[in-house]
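J.: heads up, no residue letters with this:
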């Protein structure tokens, strides 16, 4: 299915503001694998706090400020409405909530970014969400809605079927696609291989959206950190809240990981895998994640979540 | 007999009490409740998701599929559960009323499902349904160039009224002759464009244009309520 | 067709086997129940029930019908369940499927077999006209345990139902008499206990319901009458477990009756 939002008129800005926006995305982009532009929002444990670290050292940490990717500006900015924004926090400032059709800026000095469009002198919001300015660029960060796959999104999906040509991966209601033999593993898979040796029905995978086609989605397991997940707790959140759950440079998810002592992988589709030493740790992480989801519009959220976690820990 | 005072005492250009809320169905991607007095509608939006069967898919733009139904006990005489011809037609015109507001070219081969359920009916169910659905679409984070606001207007016993109730729709002159014209209208209020228009009854062209102006004024007020409802949809920290 | 994913099955089972639920409830602890009487003025009786995030609306309509020949002096009843696509991504539009039909039958038998409605009093003219009680159940949000929510809402809607006026053998809708629908005092309560892993669990969330292998519904009136039962799901119950389920259902019934003062 083609759900590519990049075609929408929402993205009309010239190179300038786009690049600025792109740089802000960079702040939480993973280090070292820029060439393919994967997994901006997928995080993993820093393997100091938790054992299960076989694959995760491959996934790089968030928030390496020194990394300045080049050559993928279009990639970064094109991530469009879905990834909303870098989830940064502005101190003591509640952003304005806007509705579709609302005039959010007047005059030609401003440029319409994601979630907005130009109409004569005015820039109009086309989304229900939070208004944000990046210099001259005006955008609206949506806060609700269903997940739409975009190329190179790192997502968590379930194997729902095995066919001769590969595995069917489902991301939820009527969003599914194929993980082909060619993309199924870093190793070569023989044509008649027993595919269940790799992944069986019911397995959860951290996978990458390889291609978004008119009627289907293709996945790939080639890339750092992509793997079958051990059994953990899956927390479902609204996909538009994912940037907030990650936080600026991974601050929010790292806070939750540290205090709850859990390993966490965040999928762009709103599926979050949590694994701790016991279910109690996982539920604490879950509660914190759900709190971020419910109150993503509140300023100073990291501090509030930090307090919440400290209190919850104190009660134990 | 001239209609000089409305059955429920309202002014002629006054709607019934409006209640609106978003986020009423946790499982949906977007949802809303909208009531004109005793006429109560809930709407849920799911998607966009891939449209099946495949031959219905449009490679250029997405589709809104609307499903309007009344609860069996929303009306005086029990309505059999499930859609009848009336329900199907209303689903269809509702679809067309909502479509111009949504940027469907962003979603080729996809469908946005809109489900409207009427809890209680006292005329104006399709307009309440459209108002709820418009809120639910915005709440589902879909790209829209405008909201959709809807109300019925009519000529009752020679007098123009907005937001008709059942007694007005059934209004009869002293001689027993029916004298009610019912015109459900929906506007894209910011753009001032009409996306739903139906008419039953008898009205002159001059009266029609007056009625439509009344409807527009009323829709602008409904629009303000809809905007406020969305903006107030956020919880306080606790 | 791809439905919503419920990937926490194993986590739920292993936690429950340690006596723990993901929402930190005890295994036999129900969620908060909220009820609202009269949600539709057009219905002869109606109610809304919320159990946690699960929500159903039930309406009662009365209509005059010819009685069945084998019971010419008794009113009749019909229960329908609409699992609306509005209430869950798992439900599709269309006529009721087997899940909805079974649910309607379970609610129907709890009401019918407990004889909570006095059908004799619903006879208007023997062999000619009797009242038919339509109980229509609509799901608004499915977060698990729609069955118990539906059965409870049906009882509450019956409780506030009023008989409409008749003129010249025809029903005058909108004009209600002061006559309540004739109900027995002992209202039946339906309780469904789910088997998740090896444990018995009350009032599951949707994720828990999807992780359950079997369920057993019991409709009872106090002090000690079991009126209807239905086992569902692929797994089995031991006789000992069935005894436990019945005990749980009685406890639950007392609790609900006390909390809702019914």
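T.: In hand now; what should we look at? Since the model is a prediction, treat every value here as computed from it, not as a measurement.

J.: phi, psi for the residue in the stretch 101-250 of chain C that chain A sits nearest to please.
T.: For the stretch 101-250 of chain C, the residue closest to chain A is residue C:207, as judged by CB to the nearest CB, at 9.3 Å. In this view, the C-beta of every residue, glycine as well, is placed from N, C-alpha and C. Backbone torsions of residue C:207, given as degrees, to the nearest 10, read phi -60, psi -40.

J.: and residue C:45, how many neighbours?
T.: 27 (other CB atoms under 10 Å in any protein chain shown).

J.: my guess is it contacts residue C:117, does it?
T.: No - checked against CB atoms under 8 Å, the pair residue C:45 and residue C:117 is beyond contact range at 11.4 Å.

J.: so for these two, which residues contact both of them?
T.: Jointly contacting residue C:45 and residue C:117 under the rule CB atoms under 8 Å, 6 or more residues apart in numbering or on different chains are C:158, C:181.

J.: does residue B:217 count as helix, strand or coil?
T.: Three-state assignment for residue B:217 (DSSP: H, G, I helix; E, B strand; the rest coil): helix.

J.: give the contact list for it.
T.: Counting by CB under 8 Å, 6+ apart, residue B:217 makes contact with residue B:13.

J.: quick one: it from residue B:210, how far?
T.: Using CB to CB, to the nearest Å, residue B:217 is found at 11 Å from residue B:210.

J.: and the residue of chain B found nearest chain A, how many residues sit next to it?
T.: Residue of chain B nearest chain A, by CB to the nearest CB: residue B:141 (2.6 Å). Number of residues near residue B:141 (other CB under 10 Å) recorded here: 26.

J.: ok, which stretches of chain B are helices?
T.: Under the criterion DSSP state H, chain B carries helices at the ranges B:85-98, B:125-139, B:166-169, B:205-231.

J.: do the first one and chain A come into contact?
T.: No - for helix B:85-98, no contact with chain A is found by CB under 8 Å from any CB of the partner chain; the gap never falls below 12.0 Å.

J.: list the buried residues in that helix.
T.: For helix B:85-98, the buried set under the neighbour-count rule, 16 or more other CB atoms under 10 Å in any protein chain shown, comprises B:87, B:90-91, B:93-95, B:97-98.

J.: on that earlier part again, so what's the residue of the stretch 101-250 of chain C closest to chain A up against?
T.: Neighbours of residue C:207 in contact, by CB under 8 Å, 6+ apart: C:6, C:8, C:12, C:22, C:144.

J.: try it again at 7 Å.
T.: Residue C:207 makes contact with C:6, C:8, C:12, according to CB atoms under 7 Å, 6 or more residues apart in numbering or on different chains.

J.: buried ones in stretch C:125-142?
T.: Buried residues in stretch C:125-142, counted by 16+ other CB under 10 Å: C:129-142.

J.: what score does the residue of the stretch 101-250 of chain C closest to chain A have for pLDDT?
T.: Note for residue C:207: predicted pLDDT of 96.

J.: can you spell out which helices and strands pack onto the helix or strand harbouring residue A:308?
T.: Here residue A:308, judged by DSSP states H and E, is contained in helix A:301-315. Helix A:301-315 sits against helix A:251-260, helix A:279-294, with contacts defined as 3 or more CB pairs under 7 Å, 6 or more residues apart in numbering or on different chains; DSSP states H and E.
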